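Student: quick one, what's the 3D model for this:
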Amino acid sequence: MKNNRYQCMIFICVLLLFSAISGYAQSLKTLTYNIHHANPPSKADHIDLEAIARVIRDSGAELVALQEVDVRTERSGADSDQAEELGRLTGMRHYFAKAIDHQGGEYGVAILSKHPFISTEKHPLPMAEGVGGEPRTIAMAVVEPHAGKRVIFACTHLDLKAENRLLQVRHIADLTAELDYPMILGGDFNAKPDSEAVRQLDAHFQRSAINKGFTIPVESPNREIDFIMFRPKGRFEVVRHEVIDEQYASDHLPVYVELKFR
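Tutor: From the prediction side, this is the model:
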């Protein structure tokens, strides 16, 4: 009888260990980071891609949404493709989506991934007529971080003008209404949690949040405009949300969110 009880206890422990390992294996580590074209605010006209790469590597993120990325611009170097170089420095795959032409090169958003891209695409975001502002885009990539579990990871950077932001969030909601896979969206939304733009996104996405998760300015941050969110709601469990206290590399603090598949 004692042997049977002993064997039963071992069996239960093995099951619990397997369950814990399986749960861990189903997690997904994500990061969103406005990199300010790798220009540290304390050093005018200086580009430090290694500092950005170090933040990404140290975070352990598998999927990274980057905003304000330069490709062969005058200010960052005519031979410098920041998306490609950050991919090399972090050992990740990269996908760049141009928003505008800038200083002889391109400027936009990028996705880094430790997992192969199954497909990638970009979509321009609308702008209100007569308002001005800067054209913006959303980059989307299908990846399969775990066997049989594909996700769409997306990155965007919304415009500073409120009228444009409202059009852009509505377009994103419509664009992602009927997807084949769950979607995770990271970006700089240029809007605080109580703004109309974020409230509209909250109607469609579940947004990861913590108390006083401020992301800007890097010293004594006082507002939150960088987010990671997902749809459908309830598809993931937020395991960890951290605003990384990195005050040198960019003028935004990066946001790390670890998710677990439900």
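Student: assign a three-state SS to the closest residue to residue 246 other than its chain neighbours, would you?
Tutor: Excluding the flanking residues, the one nearest residue 246 by CB to CB, 6 or more residues apart in numbering is residue 55, at 5.2 Å. Yep, even glycine has a C-beta here, placed from its N, CA and C like the rest. Under DSSP: H, G, I helix; E, B strand; the rest coil, residue 55 falls in the helix class.
Student: just residue 163 next, same as before
Tutor: With three-state DSSP as the criterion, residue 163 reads helix.
Student: got a list of what residue 190 touches?
Tutor: By CB atoms under 8 Å, 6 or more residues apart in numbering, the contact list for residue 190 reads 157-160, 165, 225.
Student: tell me if I'm right that the residue nearest to residue 246 and residue 249 touch.
Tutor: Yes: the pair residue 55 / residue 249 is scored as a contact, 5.8 Å apart, by CB atoms under 8 Å.
Student: looking at these two, which is more packed in?
Tutor: The neighbour comparison of residue 55 against residue 249 (other CB atoms under 10 Å) goes to residue 249, with 26 against 23.
Student: how about the more buried one, what does it touch?
Tutor: Residues in contact with residue 249 (CB under 8 Å, 6+ apart) are 35, 38, 40, 48, 51-52, 54-55.
Student: redo that, cut-off 6 Å
Tutor: Residues in contact with residue 249 (CB atoms under 6 Å, 6 or more residues apart in numbering) are 40, 51-52, 55.
Student: going by distance to residue 139, which of the contacts of residue 190 wins?
Tutor: residue 157 (9.7 Å; CB to CB).
Student: that closest one contacts residue 191, correct?
Tutor: No: the pair residue 157 and residue 191 does not pass the contact test of CB atoms under 6 Å, sitting 11.5 Å apart.
Student: re earlier: most neighbours of all the contacts of residue 249, which one?
Tutor: Of all these, the highest neighbour tally under other CB under 10 Å goes to residue 52, namely 28 neighbours.
Student: thinking again about what came up before, ok, which pair from the contacts of residue 190 is furthest apart?
Tutor: For the contacts of residue 190, the maximum inter-member distance is 12.3 Å, found between 159 and 225 (CB to CB).
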